[in-house]
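**Student:** Sequence and predicted structure are below.
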Amino acid sequence: HFGSSLFHQRRNNVSSCKIKCQQHWQGKPMDVLGQHIDNLNQKKGPRNTGSQNAVVPERQHELSKALKQLRRPIARLRASLCLPAVAMRAEVREAIEELEAYAELVAPLTGTVGDMPAMKTSNSPSSKAVASAATPEHEALRSQEAIPGFEGHVSVVAGPSGENQQARSSSAVVPDSICCRATLEGHLYWVLCVVALPNGLIASGSRDDTVRLWDTATHECTAVLKGHTDAVCSITAMGNDRLASASGDGKLRIWHVSSEDCLVVLDGHSEPALGIVALGSERLASSSNDGTAKLWDATSQNCLATLQGHNGAVLGVSAVDENCLTTSSVDKTIKLWDLRDDNCCVATFQGHNHWVRSTVAVDSTTLASGSFDKSIRVWDLSTRRCLATLKGHSNGVTCLTAPNARRLISGSWDRSLRLWDLRGLRCLTSLRGHGGWVYGVASLGSEWWMASASSDDTVRIWGPPEAGTGKMRRRQACFP
């Protein structure tokens, strides 16, 4: 009854307003009425009539586009709650950058102006790490001296088509096309790492706390290794029938591939273990969010040494040979360790202006590093100097692998993989297809065949298309 009375009252008010308006303007010339309407439009903004009707759907389209861009950083912030502290900071930083870009996009549509407030940071190491995201890209890096065979430090920028705008190499022959040959589905959450095993299998680790084994010929899942209680951040092969994994639960596990049994559990890190690499068949090296790297004896299950020196979390570890390894950190440096000389640090490489996520030894004298500053740097291990900077990714470089001394494969948060020619210092091709960030990449025995792991919960196998077809094969994983 109350609603009905209110409706009739409002209807009567509208009717009375119409009557008063007609009485006021009755008998007055039309040009006076038109001038009055124009005055109202100048106060309220442009009229959405006539030829200007197209402004409304155009603005609605822009607003719809802006709202779609808003959903992505929100999803990243929600997902980052499950990450270790160092990874959470990186995700939150990227989400903040996307929200700032979103604000700039929406500002013209809403009529608001002004810049986003700057982030306030403290002097703590963690706050400094977050503040490093705001480092200008034009910040001057440590100068490099001339190196024999190179004209100083070479900066290489890959163009939109994937070709280098500076150097060319006629010796690099790329297949007509490299495409996704298979998409391996089965993991329930982000896939963070992938590695090729000597027995024709590949292994992948995920935030669903499992390691999955895949047959590269049939593209089927052959086993699911369970035991970790947090995300599997890194995997390495140990001989023909073993692999080791590092997890966010701070533990390392050694698995027997054939029996699918966990043989050894190594516990020593106080925070999530982020990287792992095999040094021969019986030794391991691991890196952790606790700021250290550790050496392990797989037979005795003892920690042989703790490598300290980085000023922050150690994001990755890689082997140059059995007696030499490198570590990369959020302190923007790479350290080279000699395991024969009391496990001491023999060199520190500086040049990146953001966290260094991954390193790989191209050969015994050359190292490549990938950073969240969107670049890849190539270093000479003997002279300790940077030879070249490869640019092409539009977001942080998360993973690297080197099929041989001539090729380098990189994966990035820009959802792409890039194949680089290290002799000509150019990008040969860019591979896209993942619906999420690329976190891991592995070479499958040839410079044209590779596997990638992504936050879209899948592993993809890339290679030249089969004769007469370029279609992608999609396989559903088994669930043992």
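**Tutor:** Now that the structure is in, tell me what you want to look at.
**Student:** For His434, which non-adjacent residue is closest in space?
**Tutor:** Ser454 (4.1 Å; C-beta to C-beta, 6 or more residues apart in numbering). For the C-beta atoms, the positions are set from N, CA and C on the backbone; glycine is no exception.
**Student:** Now tell me which helix or strand of the chain has the poorest mean pLDDT.
**Tutor:** The weakest-scoring helix or strand in the chain, judged by mean pLDDT, DSSP states H and E, is helix 125-131 (a mean of 35).
**Student:** where does Leu400 sit relative to Trp355, distance-wise?
**Tutor:** Look at Leu400 and Trp355: by C-beta to C-beta, to the nearest Å, they are 14 Å apart.
**Student:** likewise His219?
**Tutor:** Applying C-beta to C-beta, the value for His219 to Trp355 is 34 Å.
**Student:** The two: who's more crowded?
**Tutor:** For the pair His219 and Trp355, the greater number of neighbours falls to Trp355 (25 against 20), based on other C-beta atoms under 10 Å.
**Student:** For the more buried one, report the pLDDT, please.
**Tutor:** The score at Trp355 is 96. That number is its pLDDT.
**Student:** go on, the one 4 residues further on?
**Tutor:** Listed pLDDT for Thr359 reads 97.
**Student:** With Ile276 instead?
**Tutor:** Looking at Ile276, its pLDDT is 97.
**Student:** Grab the nearest non-local neighbour of it.
**Tutor:** Ala246 (3.9 Å).
**Student:** One more: Gln308?
**Tutor:** Nearest one to Gln308, counting by C-beta to C-beta, 6+ apart, is Thr292 at 5.5 Å.
**Student:** got the contact list for Thr348?
**Tutor:** Thr348 makes contact with 309, 333-336, according to C-beta atoms under 8 Å, 6 or more residues apart in numbering.
**Student:** Swap in 6 Å and give it another go.
**Tutor:** 333, 335 (C-beta atoms under 6 Å, 6 or more residues apart in numbering).
**Student:** Partner strands of the helix or strand harbouring it and their direction?
**Tutor:** Using DSSP states H and E, Thr348 sits in strand 344-350. Strands adjacent to strand 344-350 in the sheet, as given by DSSP bridges, are strand 333-338 (antiparallel).
**Student:** Not counting the strand it pairs with itself, show me its contacts.
**Tutor:** Contacts of strand 333-338 (C-beta under 6 Å, 6+ apart): 307, 309, 324-328, 345-350, 356, 359, 369.
**Student:** quick one: which of these is nearest Gly445?
**Tutor:** Thr359 (21.6 Å; C-beta to C-beta).
**Student:** thought that closest one was touching Ser369?
**Tutor:** Yes: with contact defined as C-beta atoms under 6 Å, Thr359 reaches Ser369; the gap is 4.7 Å.
**Student:** what's near enough to touch the residue nearest to Asp261 when sequence neighbours are not counted?
**Tutor:** Using C-beta to C-beta, 6+ apart and skipping the chain neighbours, the partner closest in space to Asp261 is Trp255 (7.1 Å). Applying C-beta under 6 Å, 6+ apart, we find Trp255 in contact with 225, 243, 262.
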